[in-house]
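K.L.:
Provide a 3D model corresponding to the input given below.
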Amino acid sequence: MTVDTNSGFEVEVAPAPEPHDWLSESGMSEETPLFSESDKRSTISQVSAPEDKMRRVWLVFYMLGMTTLLPWNFFIAVNDYWNFKFRDIEHNATHTQLQKEFTSYLAISSNIPNAIFVILNVLYGQRFRLNVRLIGSLSVMATLFIAVLIMTRMDSDTWQSTFLLATLLIVILLNICTAVFQGGLIGVAGKFPSNYMGGMMAGQALGGIFPALVNIAVIALRVNPPELGFFCFLIAFLFVLLSLVMFMVIQTTAFFRHYAGTGDTAYRSDLTTQSSVSLAEYRTLLAKCWKYVLSVFLLFLTSLTVFPSVTVLVTSQHASDPTNVWANIYFTPVTCFLAFNCGDYLGRILASLVQLPGPGARGQNITLGLSILRLIFIPLFMFCNAAPDIRNLPVWFNTDADYYALMLLFSVSNGYLGNLCMMLGPKSSDSNQEQEKIASLMVAVLVVGIGIGSALSYPVVNLL
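P.N.:
As a prediction, this is how the structure comes out:
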């Protein structure tokens, strides 16, 4: 995923010498959103390559990269809409149990299916043509967003539990489609020059910032919560639909046909000749890279345990003042979703510029130590002013400044350390073939960390 993927937690991995391999076909490319644009692996002859006029194909890859993260990020960004849907219609309580737990449910139903299908894509994705996976998954995603739009127009006050189950089912299906789509997309991008992979990854990195900005813009227009959900999901639907149309359009260009080819037969033939990796080989690889593997697992487990399930519940110290627009309207959209995604993006950029600590034994120990130390963010956010009306734990960090500082460190460290691990981890071996296998191992462990972190978010929320 990259997982990306999907999440806003997509990753990048080290380049491999072969132009086509089982890893990039499955969606676990040698480069991900956390990588610098250093992939030089394209070996396709570009002497007679047609011109990409006005960089149309590159722009579509950029758009498709954003599409891989839109479902997850739009669902978590419209917090006011979910609070309205799960409000207490009888006693008018400030927070209800459903409001408190919903984001945790959302994380579990998003990231666990995504992690499972990312791994399944590694094992079986190459059996299906890339076009089937890309166009098919985009079409299903667009259809599912239509269902979401219809549900925003329904009065669900008397059947909130059923509405919750229907929403989570749609979320599960959307993230299955996202995993399949991301796998196929990276497989296609891997056939193009490296800057096209870079464009797709850059778009993916902005896939979390865009929904947060859309949500803030809709709020600024003073749209009420029911309409807020409708307009945000409408933009997501139109973006997915536009991505589907534009991908079909670029397939008619000579440039796209030159690099992607007219079919997947040769590509899949290359894939079937790749030898599988035995358990003994993985033990040998783990002996070289286990510190980076453990680091990336802990990093994403920590992040998904509290973001957004706990962070979305944090309330401004000035929320009791009804005239304070910042505290009551913009605080969560800006300080939770936009701040995290911007900080994460900044961390990725910093890691591509300053790769410290280095890849040596001391650097690996420091990276692992920082990843373990980062676990402290879980209790720190739990002791912020989260769900103040219905919490059991005391509040230690009751000022907005405390929360701002924690979010800054939390988001930047996620992007920086995550990028660092995915760049330097494969370099634990000097063998190009082993680097590729280490990269696939790290991505698999990363999605497991995302899944376990999402599952842990539920008990953590209920401990508040």
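K.L.:
only C-alpha atoms for contact and neighbour calcs from this point on.
P.N.:
OK.
K.L.:
Please export the C-alpha coordinates of stretch 135-155 as CSV.
P.N.:
The C-alpha trace of stretch 135-155 is given here as CSV (Å, rounded to 0.1, in the frame of the first residue of the first chain):
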residue,chain,number,x,y,z
ILE,A,135,-11.5,0.0,-14.0
GLY,A,136,-13.5,-2.5,-12.0
SER,A,137,-12.4,-1.2,-8.6
LEU,A,138,-13.0,2.4,-9.6
SER,A,139,-16.4,1.6,-10.9
VAL,A,140,-17.4,-0.2,-7.7
MET,A,141,-16.0,2.7,-5.6
ALA,A,142,-18.1,5.2,-7.6
THR,A,143,-21.2,3.0,-7.1
LEU,A,144,-20.6,2.7,-3.3
PHE,A,145,-20.3,6.5,-3.0
ILE,A,146,-23.7,6.8,-4.6
ALA,A,147,-25.0,4.6,-1.8
VAL,A,148,-23.3,6.9,0.7
LEU,A,149,-24.8,9.9,-0.9
ILE,A,150,-28.3,8.4,-0.7
MET,A,151,-27.8,7.6,3.0
THR,A,152,-26.9,11.2,3.7
ARG,A,153,-30.4,12.2,2.6
MET,A,154,-32.1,9.7,4.9
ASP,A,155,-33.4,10.5,8.4
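K.L.:
Pull out the buried residues from it.
P.N.:
Within stretch 135-155, the residues scored as buried using 16 or more other CA atoms under 10 Å are 135, 137-138, 141-145, 148-149, 151-152.
K.L.:
Inside strands: which ones of these?
P.N.:
Members of the buried residues of stretch 135-155 lying in strands (criterion: DSSP state E): none.
K.L.:
Looking at these, which is nearest residue 458?
P.N.:
Taking CA to CA as the measure, residue 148 is the one of the buried residues of stretch 135-155 closest to residue 458, at 23.7 Å.
K.L.:
thought that closest one was touching residue 233?
P.N.:
Yes. Counting by CA atoms under 8 Å, residue 148 touches residue 233, with 7.3 Å between them.
K.L.:
Give me the three-state assignment for residue 89.
P.N.:
coil (DSSP: H, G, I helix; E, B strand; the rest coil).
K.L.:
what's the nearest residue to residue 308 if we skip its chain neighbours?
P.N.:
Excluding its sequence neighbours, the residue lying closest to residue 308 (CA to CA, 6 or more residues apart in numbering) is residue 103, at 6.6 Å.
K.L.:
what about the one you found, neighbour count?
P.N.:
For residue 103, the count of nearby residues is 26 (other CA atoms under 10 Å).
K.L.:
Likewise for residue 320?
P.N.:
For residue 320, the neighbour count with other CA under 10 Å is 11.
K.L.:
how about it, secondary structure?
P.N.:
Assignment for residue 320 (three-state DSSP): coil.
K.L.:
With residue 328 as the reference, measure out to it.
P.N.:
Separation of residue 320 from residue 328 (CA to CA, to the nearest Å): 8 Å.
K.L.:
before we move on, what about residue 95?
P.N.:
From residue 95 to residue 328 the distance is 14 Å (CA to CA).
K.L.:
Need the residues touching each of the two.
P.N.:
Taking CA atoms under 8 Å, 6 or more residues apart in numbering as the contact rule, residue 95 and residue 328 touch no residue in common.
K.L.:
Residue 319: what's it in contact with?
P.N.:
Per CA under 8 Å, 6+ apart, neighbours of residue 319: 327-328.
K.L.:
try 10 Å
P.N.:
Residue 319 is in contact with 325-329, 331, counting by CA atoms under 10 Å, 6 or more residues apart in numbering.
K.L.:
Mind telling me what element the residue nearest to residue 308 is part of?
P.N.:
helix 97-124 (DSSP states H and E).
K.L.:
buried residues in that helix?
P.N.:
Within helix 97-124, judged by 16+ other CA under 10 Å, the buried ones are 98-119, 121-122.
K.L.:
next one: stretch 211-225
P.N.:
211-216, 218-219, 225.
K.L.:
So which of those residues are in helices?
P.N.:
211-216, 218-219, 225 (DSSP state H).
K.L.:
My guess is residue 367 contacts residue 414. True?
P.N.:
No. With contacts counted by CA atoms under 10 Å, residue 367 stays clear of residue 414, the gap being 12.0 Å.
K.L.:
Which neighbours do these two have in common?
P.N.:
296, 420.
K.L.:
Looking only at neighbour counts, state which of these two leads.
P.N.:
Counted by other CA under 10 Å, residue 367 and residue 414 do not tie: residue 414 has more neighbours, with 27 against 24.
K.L.:
Quick check: phi and psi on the residue lying closest to residue 130 once chain neighbours are set aside?
P.N.:
Leaving out its chain neighbours, the residue that sits closest to residue 130 by CA to CA, 6+ apart is residue 184, at 5.4 Å. Dihedral angles of residue 184 (phi, psi; degrees, to the nearest 10) stand at phi -70, psi -40.
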